[in-house]
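Asker: Here is my input, please return the structure:
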Amino acid sequence: MPELRYNVITRDWVIIATERAKRPDQFIRKQEERKVLPSFVANCPFCPGNEKMTPPETYVVPDSKTWQLRVTPNKFAAVSREGERSRTVRGIRRTVTGVGIHEVIVETPDHSKTTALLSDREVEIIVEAYLNRFVAASSDSRVEQVTIFKNHGDGAGTSLEHPHSQLIATPVITTQLRDRLMGALHHLDEYGECIFCRVLEQELAEGGRIVLETPHFVSFIPFAALTPFSLLIMPRRHMACFDEMKDGEAADLAHNLRNTLARLYHGLENPDYNYVIRTAPPENRGVKYYHWYVSIIPRLTKMAGFELGSGMFINVSLPEENASFLRGVKVE
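Answerer: Residues are numbered from 1 along each chain as shown. Next up, the predicted model:
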């Protein structure tokens with residue numbers, strides 16, 4: 001019989017459709033769908049030698065030949081670096097000037113690489129860049145929320161193949177994040193605990209949905225995963241804000257992230273995916289009720305009429321089986 005599960009972090013009900021559930025191996029991408037990329041593309045704005053095709057970099061990690069990583073303002077930015085933040089209220093209409101920061105993190109000079117195939121050190125350099133740009137964006141008085149994310153593959157919304165992530169800093173905090181902050185605060189008020197710490201504690205105790213444990217981070221498929229193979233990477237230590245990491249934790253996050261993505265890459269034949277760092281806003285740094293994490297969402301199914309109309313997800317897979325499948329994927 002199908003089962004409805006409640007996701008205590010997102011506060012969504014999920015239908016686990018057991019009677020039409022797919023086996024984990026049924027989500028493997030067909031070989032002919034995989035695209036083989038060259039290491040260099042002459043007209044790619046992110047390939048070495050084409051730096052003039054992008055705005056001047058805001059952060060760079062050099063190497064002996066060219067660079068290992070570079071960050072540049074997005075040429076087609078969603079928000080503008082120039083201007084002042086101002087709010088206008090006219091009756092029930094609310095507007096805020098679209099100021100903020102939109103940057104592209106070019107993760108590697110190699111056009112063909114993906115995070116799953118990089119070394120731990122190369123991914124650590126990416127995480128260090130995330131931290132640097134998060135701190136820089138957070139210091140802007142116009143910025144209220146900083147979102148760091150990656151789109152991998154056409155199905156995840158990527159427009160350029162060259163491996164890259166993005167940062168968008170906005171002058172408002174989104175309703176989704178506000179709701180999660182308030183829900184977590186209410187849980188702390190009622191139970192005296194961080195809901196995220198409680199979830200991690202229970203997942204570790206049960207073990208069946210754990211994918212990878214490293215010294216500072218744990219990756220797992222939630223009990224009420226909204227979609228097949230969706231994962232969380234959560235710090236063991238309570239931290240509300242992404243930039244609260246201490247020495248050694250960034251390197252461990254890099255190892256856990258690369259290893260987890262490698263399990264998806266090898267196990268499901270390089271599926272399209274999004275990941276996002278879900279962090280408290282800078283103004284909530286240090287609070288007891290929120291706990292930042294990385295959300296990884298493979299694009300293996302599509303939202304249809306029921307999901308759009310009801311706000312309830314249908315997951316046609318079992319989180320426990322998916323986690324077991326990923327644990328068995330050899331990546332080292």
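Asker: what's the neighbour count on T95?
Answerer: T95 has 10 neighbouring residues, counting by other Cβ atoms under 10 Å. Heads up, the C-betas are built off the backbone N, CA and C, glycines and all.
Asker: same thing with N74?
Answerer: Counted by other Cβ under 10 Å, the residues lying close to N74 total 17.
Asker: What of M1?
Answerer: Neighbour number of M1 under other Cβ under 10 Å is 4.
Asker: what's the closest residue to it other than its chain neighbours in contact with, if anything?
Answerer: Nearest residue to M1, sequence neighbours excluded (Cβ to Cβ, 6 or more residues apart in numbering): T18, at 6.8 Å. By Cβ atoms under 8 Å, 6 or more residues apart in numbering, the residues touching T18 are 1-3, 318.
Asker: Buried among the residues you listed? Need that as a selection in PyMOL.
Answerer: Listed next is the PyMOL selection for buried residues among these, using 16 or more other Cβ atoms under 10 Å:
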select buried, resi 318
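Asker: need the contacts of T18 in a markdown table with pLDDT, secondary structure and distance to H255, can you?
Answerer: Listed next are the contacts of T18 as a markdown table, based on pLDDT from 0 to 100; DSSP: H, G, I helix; E, B strand; the rest coil; distance: Cβ to Cβ, whole Å:
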| residue | pLDDT | secondary structure | distance to H255 |
| --- | --- | --- | --- |
| M1 | 82 | coil | 40 |
| P2 | 88 | coil | 37 |
| E3 | 93 | strand | 34 |
| L318 | 95 | coil | 27 |
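Asker: What is the nearest of the contacts of T18 to L117?
Answerer: Nearest to L117, judged by Cβ to Cβ, of those is L318 at 28.6 Å.
Asker: hang on, isn't that closest one packed against E19?
Answerer: No - the criterion here is Cβ atoms under 8 Å, and L318 misses it with E19 at 11.6 Å.
Asker: related to what we said a few turns ago, same list, the contacts of T18, but as a markdown table with distance to K35 please.
Answerer: Formatted as a markdown table, the contacts of T18 follow (distance: Cβ to Cβ, whole Å):
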| residue | distance to K35 |
| --- | --- |
| M1 | 40 |
| P2 | 36 |
| E3 | 37 |
| L318 | 30 |
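Asker: Return the closest of the contacts of T18 with respect to S165.
Answerer: Closest to S165 out of these is L318 (30.5 Å), distances taken as Cβ to Cβ.
Asker: number of nearby residues for K35?
Answerer: Neighbours of K35 using other Cβ under 10 Å come to 9.
Asker: and it, that one's in a strand?
Answerer: No - counting by DSSP: H, G, I helix; E, B strand; the rest coil, K35 is located in no strand; its state is coil.
Asker: What's the separation between it and V294?
Answerer: Taking Cβ to Cβ, to the nearest Å as the measure, K35 falls 25 Å from V294.
Asker: what residues are up against E193?
Answerer: If you count contacts by Cβ under 8 Å, 6+ apart, then E193 has H187 around it.
Asker: Need the phi and psi values for it.
Answerer: Backbone torsions of E193, given as degrees, to the nearest 10, read phi -150, psi 160.
Asker: Local confidence estimate at it?
Answerer: pLDDT, E193: 97.
Asker: Please report the distance of it from R209.
Answerer: Counting by Cβ to Cβ, the gap from E193 to R209 is 20 Å.
Asker: And S39, by the same measure?
Answerer: 37 Å.
Asker: Helix, strand or coil: sort out T260 for me.
Answerer: helix.
Asker: ok, back up a step: so which of S39 and R209 has more stuff around it?
Answerer: Between S39 and R209, counted using other Cβ under 10 Å, R209 has the larger neighbour count: 25 against 11.
Asker: surely the more buried one meets P319?
Answerer: Yes - contact criterion Cβ under 8 Å: R209 and P319 qualify, at 5.3 Å.
Asker: any common contacting residues for those two?
Answerer: 221-223.
Asker: what residue ranges in the stretch 101-250 of the chain are flagged as low confidence?
Answerer: Residues of the stretch 101-250 of the chain meeting the criterion pLDDT under 70: none.
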